[in-house]
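Give me a 3D structure for the following:
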Amino acid sequence: MPTAIISGDKEICAGEESIFTASGGNAYLWSTNETTSAIKLATAKTVTVTVTDVNGCKNNVSETLTVNVKPTANIDGATEICTGSATTYTATGGSTYEWNNGVKTASITVNAAGIYTVTVTGNGGCTDVATKTLSINNNPTATITGDQDVCQGESSTFTAIGGTKYLWSGGLGTTASITVSTAGTYSVTVTDASGCDAVGTRLLSINPLPTAIISGDKEICVGEESIFTASGGNAYLWSTNETTSAIKLTTAKTVTVTVTDANGCKAEATETLKVNAKPIASIIGVSEICIGSTATFSASGGDKYIWNNGETSNSITVSAAASYTVTVSSNSGCSDIVSKNLILNALPIVDITGNDKICQGQSTIFTSSIGNTYLWSNGATTRTINVTATAEYTVTVTDQNGCKSSAKKVLSVNALPNANIICDFEICKGEIGIIKAQGGASFTWTNGETTKV
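Prediction:
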(Lines give C-alpha, C1' and ligand atoms only; values in the text may rest on other atoms or scores of the structure.)
Protein backbone atom coordinates (compact mmCIF):
# COMPACT_ATOMS: atom_id res chain seq x y z
CA MET A 1 0.00 0.00 0.00
CA PRO A 2 1.21 3.58 -0.67
CA THR A 3 2.13 5.85 2.25
CA ALA A 4 -0.31 8.76 2.13
CA ILE A 5 1.00 12.09 3.51
CA ILE A 6 -0.55 15.59 3.75
CA SER A 7 1.85 18.54 4.21
CA GLY A 8 1.09 22.27 4.67
CA ASP A 9 0.21 24.84 7.40
CA LYS A 10 -2.26 23.19 9.83
CA GLU A 11 -3.01 26.55 11.56
CA ILE A 12 -3.72 29.91 9.96
CA CYS A 13 -5.28 33.23 10.85
CA ALA A 14 -8.65 34.45 9.67
CA GLY A 15 -8.39 35.88 6.18
CA GLU A 16 -5.38 33.73 5.27
CA GLU A 17 -5.23 30.44 3.34
CA SER A 18 -3.23 27.21 3.60
CA ILE A 19 -2.18 24.84 0.82
CA PHE A 20 -2.51 21.13 1.74
CA THR A 21 -0.30 18.98 -0.48
CA ALA A 22 -0.70 15.15 -0.72
CA SER A 23 2.17 12.82 -1.65
CA GLY A 24 2.88 9.05 -1.87
CA GLY A 25 1.03 8.12 -5.09
CA ASN A 26 0.26 9.20 -8.62
CA ALA A 27 -3.48 9.83 -8.23
CA TYR A 28 -5.38 11.70 -5.51
CA LEU A 29 -9.01 12.13 -4.50
CA TRP A 30 -9.86 14.61 -1.75
CA SER A 31 -12.97 14.64 0.41
CA THR A 32 -13.62 18.01 -1.28
CA ASN A 33 -13.83 16.03 -4.58
CA GLU A 34 -10.68 17.72 -5.85
CA THR A 35 -8.22 15.43 -7.68
CA THR A 36 -5.07 17.54 -7.68
CA SER A 37 -2.20 16.77 -5.37
CA ALA A 38 -2.60 20.21 -3.71
CA ILE A 39 -5.69 22.09 -2.57
CA LYS A 40 -6.30 25.54 -1.00
CA LEU A 41 -8.17 25.90 2.30
CA ALA A 42 -9.34 29.12 3.99
CA THR A 43 -11.82 27.85 6.59
CA ALA A 44 -11.43 25.53 9.52
CA LYS A 45 -12.19 21.91 8.51
CA THR A 46 -10.92 18.33 8.37
CA VAL A 47 -10.12 16.88 4.94
CA THR A 48 -9.23 13.36 3.78
CA VAL A 49 -7.26 12.37 0.69
CA THR A 50 -7.23 8.88 -0.96
CA VAL A 51 -3.85 8.18 -2.56
CA THR A 52 -3.58 5.59 -5.42
CA ASP A 53 -0.20 4.31 -6.63
CA VAL A 54 0.79 2.90 -10.05
CA ASN A 55 -0.35 -0.56 -9.01
CA GLY A 56 -3.84 0.66 -8.17
CA CYS A 57 -3.24 0.17 -4.48
CA LYS A 58 -4.88 2.81 -2.26
CA ASN A 59 -4.46 4.44 1.13
CA ASN A 60 -5.94 7.52 2.77
CA VAL A 61 -4.95 10.13 5.33
CA SER A 62 -6.81 12.99 7.09
CA GLU A 63 -5.70 16.45 8.30
CA THR A 64 -7.45 19.29 10.14
CA LEU A 65 -6.99 23.05 9.43
CA THR A 66 -7.45 25.38 12.41
CA VAL A 67 -8.32 29.06 11.69
CA ASN A 68 -7.47 31.48 14.52
CA VAL A 69 -9.24 34.80 15.13
CA LYS A 70 -7.02 37.86 14.42
CA PRO A 71 -6.42 40.35 17.27
CA THR A 72 -7.70 43.96 17.06
CA ALA A 73 -4.78 46.38 17.44
CA ASN A 74 -5.25 49.83 19.05
CA ILE A 75 -2.93 52.70 20.12
CA ASP A 76 -3.79 55.10 22.95
CA GLY A 77 -1.95 58.47 23.33
CA ALA A 78 -1.99 62.13 22.32
CA THR A 79 -1.83 63.08 18.67
CA GLU A 80 -0.34 66.54 19.28
CA ILE A 81 2.42 67.75 21.59
CA CYS A 82 4.64 70.84 21.82
CA THR A 83 8.20 70.99 20.65
CA GLY A 84 10.49 69.62 23.34
CA SER A 85 7.69 67.56 24.94
CA ALA A 86 6.97 63.79 24.75
CA THR A 87 3.95 61.51 24.99
CA THR A 88 3.42 57.79 25.72
CA TYR A 89 1.81 55.56 23.08
CA THR A 90 0.27 52.34 24.52
CA ALA A 91 -0.80 49.46 22.25
CA THR A 92 -3.58 46.97 23.20
CA GLY A 93 -5.30 43.93 21.68
CA GLY A 94 -2.62 41.24 21.73
CA SER A 95 -0.06 39.43 23.76
CA THR A 96 3.09 40.73 22.09
CA TYR A 97 3.90 44.02 20.38
CA GLU A 98 6.49 45.32 17.93
CA TRP A 99 6.71 48.99 16.92
CA ASN A 100 8.16 50.33 13.66
CA ASN A 101 11.01 51.88 15.66
CA GLY A 102 12.06 48.41 16.84
CA VAL A 103 10.69 48.64 20.39
CA LYS A 104 8.90 45.46 21.51
CA THR A 105 6.98 46.69 24.56
CA ALA A 106 3.32 47.65 24.69
CA SER A 107 4.19 51.29 25.54
CA ILE A 108 6.73 53.65 24.00
CA THR A 109 7.66 57.27 24.66
CA VAL A 110 7.73 59.43 21.51
CA ASN A 111 8.80 63.04 20.89
CA ALA A 112 9.29 63.23 17.12
CA ALA A 113 6.60 64.00 14.58
CA GLY A 114 5.74 61.00 12.40
CA ILE A 115 3.63 57.92 11.87
CA TYR A 116 3.99 55.24 14.55
CA THR A 117 2.91 51.69 13.68
CA VAL A 118 2.58 48.69 16.02
CA THR A 119 2.14 45.05 15.04
CA VAL A 120 0.00 43.24 17.65
CA THR A 121 0.33 39.44 17.85
CA GLY A 122 -2.45 37.28 19.43
CA ASN A 123 -3.32 33.58 19.59
CA GLY A 124 -1.74 31.34 16.98
CA GLY A 125 0.63 34.11 15.95
CA CYS A 126 -2.09 36.11 14.26
CA THR A 127 -1.35 39.80 13.92
CA ASP A 128 -3.01 43.12 13.38
CA VAL A 129 -1.48 46.53 12.71
CA ALA A 130 -2.47 49.90 14.20
CA THR A 131 -1.12 53.33 13.25
CA LYS A 132 -1.07 56.69 15.00
CA THR A 133 0.28 60.01 13.68
CA LEU A 134 2.03 62.41 16.05
CA SER A 135 2.12 66.12 15.20
CA ILE A 136 4.58 68.47 16.88
CA ASN A 137 3.28 71.97 17.44
CA ASN A 138 5.98 74.63 17.32
CA ASN A 139 6.54 76.44 20.54
CA PRO A 140 5.88 80.15 20.27
CA THR A 141 8.87 82.39 19.69
CA ALA A 142 9.14 84.50 22.79
CA THR A 143 10.65 87.88 21.97
CA ILE A 144 11.20 90.94 24.12
CA THR A 145 11.69 94.28 22.39
CA GLY A 146 12.88 97.52 23.90
CA ASP A 147 16.09 99.45 24.46
CA GLN A 148 18.65 97.19 26.09
CA ASP A 149 21.14 99.95 26.79
CA VAL A 150 20.22 103.20 28.49
CA CYS A 151 22.25 105.91 30.07
CA GLN A 152 22.44 106.09 33.82
CA GLY A 153 19.16 107.54 35.24
CA GLU A 154 17.03 106.52 32.26
CA SER A 155 14.48 103.67 31.90
CA SER A 156 13.33 101.36 29.09
CA THR A 157 10.03 99.71 28.14
CA PHE A 158 10.28 95.96 27.54
CA THR A 159 7.45 94.51 25.43
CA ALA A 160 6.91 90.74 25.02
CA ILE A 161 5.45 89.33 21.78
CA GLY A 162 4.72 85.86 20.41
CA GLY A 163 1.75 84.59 22.45
CA THR A 164 -1.63 85.31 23.98
CA LYS A 165 -0.60 85.24 27.65
CA TYR A 166 2.49 86.61 29.41
CA LEU A 167 4.04 86.06 32.81
CA TRP A 168 7.09 88.09 33.82
CA SER A 169 9.57 86.69 36.32
CA GLY A 170 9.99 88.33 39.69
CA GLY A 171 6.30 89.20 39.93
CA LEU A 172 6.66 92.09 37.47
CA GLY A 173 3.20 91.46 36.01
CA THR A 174 1.18 89.66 33.37
CA THR A 175 0.93 92.46 30.83
CA ALA A 176 2.80 92.41 27.54
CA SER A 177 4.82 95.53 28.47
CA ILE A 178 6.70 96.55 31.61
CA THR A 179 8.95 99.51 32.48
CA VAL A 180 12.45 98.64 33.72
CA SER A 181 15.24 100.81 35.10
CA THR A 182 17.52 98.37 36.95
CA ALA A 183 20.34 96.60 35.17
CA GLY A 184 19.76 92.87 34.88
CA THR A 185 18.17 90.06 32.87
CA TYR A 186 14.38 90.06 32.53
CA SER A 187 12.46 86.91 31.49
CA VAL A 188 8.88 86.32 30.37
CA THR A 189 6.91 83.10 29.78
CA VAL A 190 4.82 83.38 26.60
CA THR A 191 1.89 80.96 26.05
CA ASP A 192 0.14 80.56 22.67
CA ALA A 193 -3.38 79.37 21.77
CA SER A 194 -2.20 75.72 21.62
CA GLY A 195 -1.00 75.86 25.18
CA CYS A 196 2.65 75.68 24.12
CA ASP A 197 4.96 78.08 25.83
CA ALA A 198 8.43 79.52 25.57
CA VAL A 199 10.64 81.76 27.64
CA GLY A 200 12.24 84.93 26.35
CA THR A 201 14.93 86.96 28.06
CA ARG A 202 16.41 90.41 27.54
CA LEU A 203 19.31 92.07 29.27
CA LEU A 204 19.09 95.67 30.36
CA SER A 205 22.40 97.45 30.72
CA ILE A 206 22.69 100.79 32.47
CA ASN A 207 25.64 102.36 30.74
CA PRO A 208 27.83 105.04 32.24
CA LEU A 209 28.90 107.91 30.02
CA PRO A 210 31.27 106.68 27.31
CA THR A 211 35.03 107.17 27.69
CA ALA A 212 36.12 109.27 24.72
CA ILE A 213 39.66 108.54 23.51
CA ILE A 214 41.69 109.96 20.63
CA SER A 215 44.51 107.73 19.42
CA GLY A 216 47.09 108.38 16.71
CA ASP A 217 50.50 109.98 16.25
CA LYS A 218 50.59 113.21 18.22
CA GLU A 219 53.85 114.28 16.56
CA ILE A 220 54.65 114.04 12.82
CA CYS A 221 57.10 115.47 10.29
CA VAL A 222 56.39 118.10 7.66
CA GLY A 223 54.83 116.46 4.59
CA GLU A 224 53.37 113.57 6.60
CA GLU A 225 49.88 113.07 7.96
CA SER A 226 48.49 111.71 11.19
CA ILE A 227 45.28 109.77 11.59
CA PHE A 228 43.44 110.79 14.74
CA THR A 229 41.00 107.98 15.60
CA ALA A 230 38.26 108.43 18.17
CA SER A 231 36.89 105.47 20.11
CA GLY A 232 34.36 104.84 22.83
CA GLY A 233 31.17 105.25 20.85
CA ASN A 234 29.52 104.64 17.52
CA ALA A 235 28.98 108.24 16.35
CA TYR A 236 31.52 111.06 16.31
CA LEU A 237 31.53 114.81 15.71
CA TRP A 238 34.89 116.59 15.44
CA SER A 239 35.58 120.27 15.90
CA THR A 240 36.52 120.15 12.19
CA ASN A 241 32.85 119.21 11.48
CA GLU A 242 33.87 115.74 10.30
CA THR A 243 31.66 112.84 11.45
CA THR A 244 33.90 109.82 10.82
CA SER A 245 35.67 108.02 13.63
CA ALA A 246 39.05 108.88 12.05
CA ILE A 247 40.30 112.13 10.52
CA LYS A 248 43.52 113.08 8.72
CA LEU A 249 45.64 116.00 9.95
CA THR A 250 48.69 117.50 8.25
CA THR A 251 49.07 120.82 10.07
CA ALA A 252 49.66 121.59 13.72
CA LYS A 253 46.37 122.11 15.56
CA THR A 254 44.20 121.12 18.53
CA VAL A 255 40.99 119.18 17.82
CA THR A 256 38.05 118.04 19.96
CA VAL A 257 35.71 115.10 19.30
CA THR A 258 32.27 114.46 20.79
CA VAL A 259 31.66 110.70 21.13
CA THR A 260 28.10 109.32 21.19
CA ASP A 261 27.57 105.64 22.03
CA ALA A 262 24.76 103.35 20.91
CA ASN A 263 22.57 104.54 23.78
CA GLY A 264 22.97 108.23 22.98
CA CYS A 265 25.37 108.83 25.88
CA LYS A 266 28.06 111.42 25.08
CA ALA A 267 31.60 112.46 26.11
CA GLU A 268 34.39 114.65 24.73
CA ALA A 269 38.16 114.32 24.21
CA THR A 270 40.78 116.83 23.02
CA GLU A 271 44.21 116.24 21.41
CA THR A 272 46.97 118.43 19.88
CA LEU A 273 49.09 117.58 16.81
CA LYS A 274 52.69 118.83 16.62
CA VAL A 275 54.44 119.06 13.22
CA ASN A 276 58.28 118.86 13.18
CA ALA A 277 60.51 120.05 10.33
CA LYS A 278 62.14 117.34 8.21
CA PRO A 279 65.92 117.19 7.72
CA ILE A 280 67.31 117.80 4.22
CA ALA A 281 69.62 114.93 3.31
CA SER A 282 72.57 115.37 0.95
CA ILE A 283 75.65 113.36 -0.11
CA ILE A 284 78.91 114.88 -1.27
CA GLY A 285 81.76 112.99 -2.93
CA VAL A 286 83.05 112.20 -6.42
CA SER A 287 80.67 110.26 -8.62
CA GLU A 288 83.31 108.48 -10.74
CA ILE A 289 86.52 106.68 -9.83
CA CYS A 290 88.90 104.30 -11.57
CA ILE A 291 89.11 100.58 -10.87
CA GLY A 292 91.28 100.06 -7.80
CA SER A 293 90.50 103.49 -6.34
CA THR A 294 88.11 104.52 -3.56
CA ALA A 295 85.84 107.48 -2.91
CA THR A 296 84.42 108.99 0.26
CA PHE A 297 80.67 109.70 0.39
CA SER A 298 79.70 112.09 3.19
CA ALA A 299 76.08 112.62 4.21
CA SER A 300 74.77 115.67 6.03
CA GLY A 301 71.51 117.17 7.26
CA GLY A 302 70.58 115.10 10.31
CA ASP A 303 71.61 113.53 13.59
CA LYS A 304 71.63 109.85 12.60
CA TYR A 305 72.58 108.09 9.39
CA ILE A 306 71.87 104.62 8.03
CA TRP A 307 73.37 103.63 4.66
CA ASN A 308 72.00 100.85 2.50
CA ASN A 309 75.25 98.95 3.06
CA GLY A 310 74.56 98.88 6.81
CA GLU A 311 77.01 101.56 7.92
CA THR A 312 75.80 104.16 10.41
CA SER A 313 78.44 106.90 10.23
CA ASN A 314 77.87 110.01 8.18
CA SER A 315 80.84 109.19 5.90
CA ILE A 316 81.63 105.93 4.15
CA THR A 317 84.43 104.77 1.87
CA VAL A 318 83.20 103.14 -1.34
CA SER A 319 84.94 101.32 -4.14
CA ALA A 320 82.23 99.31 -5.93
CA ALA A 321 79.96 100.65 -8.65
CA ALA A 322 76.49 100.94 -7.10
CA SER A 323 73.79 103.30 -5.92
CA TYR A 324 74.42 104.32 -2.31
CA THR A 325 71.41 105.46 -0.30
CA VAL A 326 71.43 107.06 3.13
CA THR A 327 68.51 107.67 5.45
CA VAL A 328 69.12 110.82 7.46
CA SER A 329 67.12 111.15 10.70
CA SER A 330 66.72 114.00 13.14
CA ASN A 331 66.37 113.55 16.89
CA SER A 332 62.65 114.18 16.50
CA GLY A 333 62.36 111.07 14.33
CA CYS A 334 61.88 112.86 11.02
CA SER A 335 63.92 111.52 8.13
CA ASP A 336 64.92 112.13 4.54
CA ILE A 337 66.49 109.82 1.97
CA VAL A 338 69.06 110.65 -0.68
CA SER A 339 71.03 108.48 -3.11
CA LYS A 340 74.27 108.87 -5.03
CA ASN A 341 75.59 106.62 -7.78
CA LEU A 342 79.25 105.64 -7.97
CA ILE A 343 80.53 104.88 -11.46
CA LEU A 344 83.63 102.66 -11.70
CA ASN A 345 85.65 103.45 -14.84
CA ALA A 346 87.89 100.77 -16.37
CA LEU A 347 91.64 101.41 -16.56
CA PRO A 348 92.95 102.04 -20.09
CA ILE A 349 94.70 99.12 -21.85
CA VAL A 350 98.21 100.32 -22.74
CA ASP A 351 100.69 98.80 -25.22
CA ILE A 352 103.86 100.05 -26.95
CA THR A 353 104.50 99.13 -30.58
CA GLY A 354 107.79 99.52 -32.50
CA ASN A 355 111.03 97.59 -33.21
CA ASP A 356 112.72 96.49 -30.03
CA LYS A 357 116.08 95.83 -31.79
CA ILE A 358 118.12 98.22 -33.99
CA CYS A 359 121.70 98.52 -35.14
CA GLN A 360 124.15 101.03 -33.86
CA GLY A 361 123.59 104.37 -35.52
CA GLN A 362 119.92 103.64 -36.29
CA SER A 363 116.71 104.79 -34.51
CA THR A 364 113.11 103.47 -34.12
CA ILE A 365 109.68 104.88 -33.25
CA PHE A 366 107.91 103.66 -30.07
CA THR A 367 104.12 104.31 -30.28
CA SER A 368 101.74 104.12 -27.30
CA SER A 369 98.08 102.96 -27.35
CA ILE A 370 95.63 105.82 -27.84
CA GLY A 371 94.84 107.80 -24.70
CA ASN A 372 94.16 111.34 -23.59
CA THR A 373 97.65 112.24 -22.28
CA TYR A 374 101.02 110.46 -22.29
CA LEU A 375 104.10 110.58 -20.06
CA TRP A 376 107.22 108.60 -21.09
CA SER A 377 110.03 107.66 -18.76
CA ASN A 378 112.32 109.94 -20.83
CA GLY A 379 110.01 112.89 -20.11
CA ALA A 380 108.28 112.96 -23.48
CA THR A 381 104.51 113.70 -23.47
CA THR A 382 103.69 112.74 -27.05
CA ARG A 383 102.08 109.51 -28.16
CA THR A 384 105.24 108.55 -30.14
CA ILE A 385 108.93 108.92 -29.33
CA ASN A 386 112.09 108.41 -31.40
CA VAL A 387 114.57 106.20 -29.50
CA THR A 388 118.21 105.29 -30.33
CA ALA A 389 119.74 104.08 -27.05
CA THR A 390 119.49 100.72 -25.32
CA ALA A 391 117.08 101.16 -22.37
CA GLU A 392 113.68 100.23 -20.84
CA TYR A 393 111.08 102.78 -21.92
CA THR A 394 107.88 103.23 -19.89
CA VAL A 395 104.80 105.18 -20.90
CA THR A 396 101.88 106.16 -18.58
CA VAL A 397 98.61 106.75 -20.48
CA THR A 398 95.74 108.75 -18.97
CA ASP A 399 92.25 108.32 -20.56
CA GLN A 400 89.40 110.84 -20.75
CA ASN A 401 88.16 109.70 -17.28
CA GLY A 402 91.54 110.38 -15.68
CA CYS A 403 92.25 106.66 -15.26
CA LYS A 404 95.89 105.63 -15.79
CA SER A 405 97.82 102.53 -16.89
CA SER A 406 101.47 101.95 -17.87
CA ALA A 407 103.40 99.75 -20.33
CA LYS A 408 107.14 98.99 -20.75
CA LYS A 409 109.31 98.12 -23.76
CA VAL A 410 113.08 97.44 -23.88
CA LEU A 411 115.18 98.65 -26.85
CA SER A 412 118.36 96.72 -27.71
CA VAL A 413 121.02 98.46 -29.94
CA ASN A 414 123.30 95.93 -31.68
CA ALA A 415 126.98 96.75 -32.62
CA LEU A 416 127.95 96.85 -36.36
CA PRO A 417 129.90 93.77 -37.68
CA ASN A 418 133.73 94.07 -38.58
CA ALA A 419 133.82 93.18 -42.32
CA ASN A 420 137.11 91.68 -43.76
CA ILE A 421 138.13 89.98 -47.05
CA ILE A 422 140.85 87.33 -47.28
CA CYS A 423 142.20 86.50 -50.77
CA ASP A 424 145.23 85.95 -53.07
CA PHE A 425 145.86 89.39 -54.37
CA GLU A 426 147.94 88.11 -57.33
CA ILE A 427 147.30 85.13 -59.62
CA CYS A 428 148.60 83.94 -62.98
CA LYS A 429 146.64 84.09 -66.08
CA GLY A 430 144.40 81.07 -66.34
CA GLU A 431 144.27 80.51 -62.57
CA ILE A 432 141.29 81.03 -60.22
CA GLY A 433 141.51 83.25 -57.16
CA ILE A 434 139.46 82.57 -53.98
CA ILE A 435 138.07 85.47 -52.03
CA LYS A 436 136.63 84.85 -48.51
CA ALA A 437 134.49 87.32 -46.49
CA GLN A 438 134.65 87.46 -42.66
CA GLY A 439 132.80 89.27 -39.79
CA GLY A 440 129.17 88.55 -40.46
CA ALA A 441 126.38 85.98 -40.64
CA SER A 442 125.16 86.81 -44.16
CA PHE A 443 126.95 88.34 -47.10
CA THR A 444 126.08 90.19 -50.32
CA TRP A 445 128.80 90.69 -52.96
CA THR A 446 128.89 93.44 -55.55
CA ASN A 447 128.38 90.84 -58.23
CA GLY A 448 125.12 89.76 -56.52
CA GLU A 449 126.39 86.56 -54.94
CA THR A 450 125.44 85.86 -51.32
CA THR A 451 127.91 83.12 -50.29
CA LYS A 452 130.69 83.62 -47.82
CA VAL A 453 133.45 82.51 -50.39
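
care to break this protein down by domain?
5-68, 74-137, 143-207, 214-276, 282-345, 352-414, 417-453 (automatic domain parsing).

could I get these as a markdown table with mean pLDDT and mean neighbour count?
For the C-beta atoms, the positions are set from N, CA and C on the backbone; glycine is no exception. Formatted as a markdown table, the domains of the chain follow (pLDDT from 0 to 100; neighbours: other C-beta atoms under 10 Å):
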| stretch | mean pLDDT | mean neighbour count |
| --- | --- | --- |
| domain 5-68 | 95 | 15 |
| domain 74-137 | 95 | 16 |
| domain 143-207 | 94 | 16 |
| domain 214-276 | 95 | 16 |
| domain 282-345 | 96 | 15 |
| domain 352-414 | 96 | 15 |
| domain 417-453 | 72 | 9 |
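
Excluding residues flanking it in the chain, which one is nearest Lys248?
Glu225 (5.0 Å; C-beta to C-beta, 6 or more residues apart in numbering).

quick one, what contacts that neighbour?
Applying C-beta atoms under 8 Å, 6 or more residues apart in numbering to Glu225 gives the contacts 248-250.

Kindly report the same for Lys274.
Counting by C-beta under 8 Å, 6+ apart, Lys274 touches 218-220, 252.

Asp351 now?
368-369, 407.

And those residues, which is closest to Ile284?
Ser369 (34.5 Å; C-beta to C-beta).

pretty sure that closest one contacts Pro348?
Yes: applying C-beta atoms under 8 Å as the test, Ser369 and Pro348 come out as touching, 7.1 Å apart.

Identify the contacts common to those two.
By C-beta under 8 Å, 6+ apart, the residues touching both Ser369 and Pro348 are Val397.

Against Asn59, how distant is Thr21?
Distance, Thr21 to Asn59, using C-beta to C-beta, to the nearest Å: 16 Å.

same thing with Lys70?
Distance of Lys70 to Asn59, computed by C-beta to C-beta: 36 Å.

What of Ile115?
54 Å.

cool, and Gly171?
Here Gly171 is placed at a distance of 94 Å from Asn59 (C-beta to C-beta).

Contacts for stretch 71-80 next, please.
87-94, 110, 116, 118-123, 126-137, 194.

Please compute how far it lies from its chain's middle.
Taking the mean of its C-alpha atoms, stretch 71-80 sits 60 Å from the chain's own mean (C-alpha atoms, centre = their mean, to the nearest Å).

just stretch 322-342 next, same as before
Chain-centre distance of stretch 322-342: 36 Å, with C-alpha atoms, centre = their mean.

contacts for that stretch?
So stretch 322-342 is contacted by 219, 221-222, 276-283, 285, 287-289, 295, 297, 299-309, 316, 318, 320-321 (C-beta under 8 Å, 6+ apart).

now, which of the residues you listed lie within strands?
Among these, the members falling in strands (DSSP state E) are 219, 221, 276, 282-283, 288-289, 295, 297, 299-300, 304-307, 316, 318.

Please name the nearest non-neighbouring residue to Ile115.
Ile115's closest residue in space is Thr133 (C-beta to C-beta, 6+ apart), at 5.1 Å.

Rebuild the contacts of Asp351 as a markdown table, extending it with secondary structure.
Converted to a markdown table, those look like this (DSSP: H, G, I helix; E, B strand; the rest coil):
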| residue | secondary structure |
| --- | --- |
| Ser368 | strand |
| Ser369 | coil |
| Ala407 | strand |
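
which of the residues you listed lies closest to Thr105?
Distances from Thr105 to these, taken as C-beta to C-beta, are shortest for Ser369 (117.1 Å).

Quick check: phi and psi at that closest one.
Note on Ser369: backbone dihedrals following degrees, to the nearest 10 are phi -60, psi 160.

Now do the same contact list for it.
Each residue near Ser369 by C-beta under 8 Å, 6+ apart is listed here: 348-352, 397, 407.

Ser412: what's it in contact with?
By C-beta under 8 Å, 6+ apart, the contact set of Ser412 is 356-358, 390.

distance of it from Cys359?
With C-beta to C-beta as the criterion, Ser412 and Cys359 are 10 Å apart.

And for Ile213?
102 Å.

What are the boundaries of the strands in the stretch 351-453 of the chain?
Counting by DSSP state E, counting those that start in this stretch, the stretch 351-453 of the chain has strands at residues 352-353, 357-359, 364-368, 373-376, 384-387, 391-398, 404-414, 420-423, 435-438.

strands paired with the second one, and their directions?
Read it as strand 357-359. Taking DSSP bridges as the criterion, strand 357-359 sits next to strand 404-414 (parallel) in its sheet.

Give me the angle between the strand it pairs with and strand 364-368.
170 degrees (axes from the mean of the first three to the mean of the last three C-alpha atoms, to 10 degrees).

Work out the gap between strand 404-414 and the centre of the chain.
Put simply, strand 404-414 sits 70 Å off its chain's centre (C-alpha atoms, centre = their mean).

Would you check how far apart the nearest residue in space to Ser156 that is not next to it in sequence and Val180 are?
In this structure, Ser156 finds its nearest non-sequential neighbour in Asp147, 4.2 Å apart by C-beta to C-beta, 6+ apart. As for Asp147, its distance to Val180 is 10 Å (criterion: C-beta to C-beta).

any residues in contact with both of those two?
Both Asp147 and Val180 are in contact with 156-157, where contact means C-beta under 8 Å, 6+ apart.

one step back: with Ser205 as the reference, measure out to the residue nearest to Ser156.
Using C-beta to C-beta, Asp147 is found at 10 Å from Ser205.
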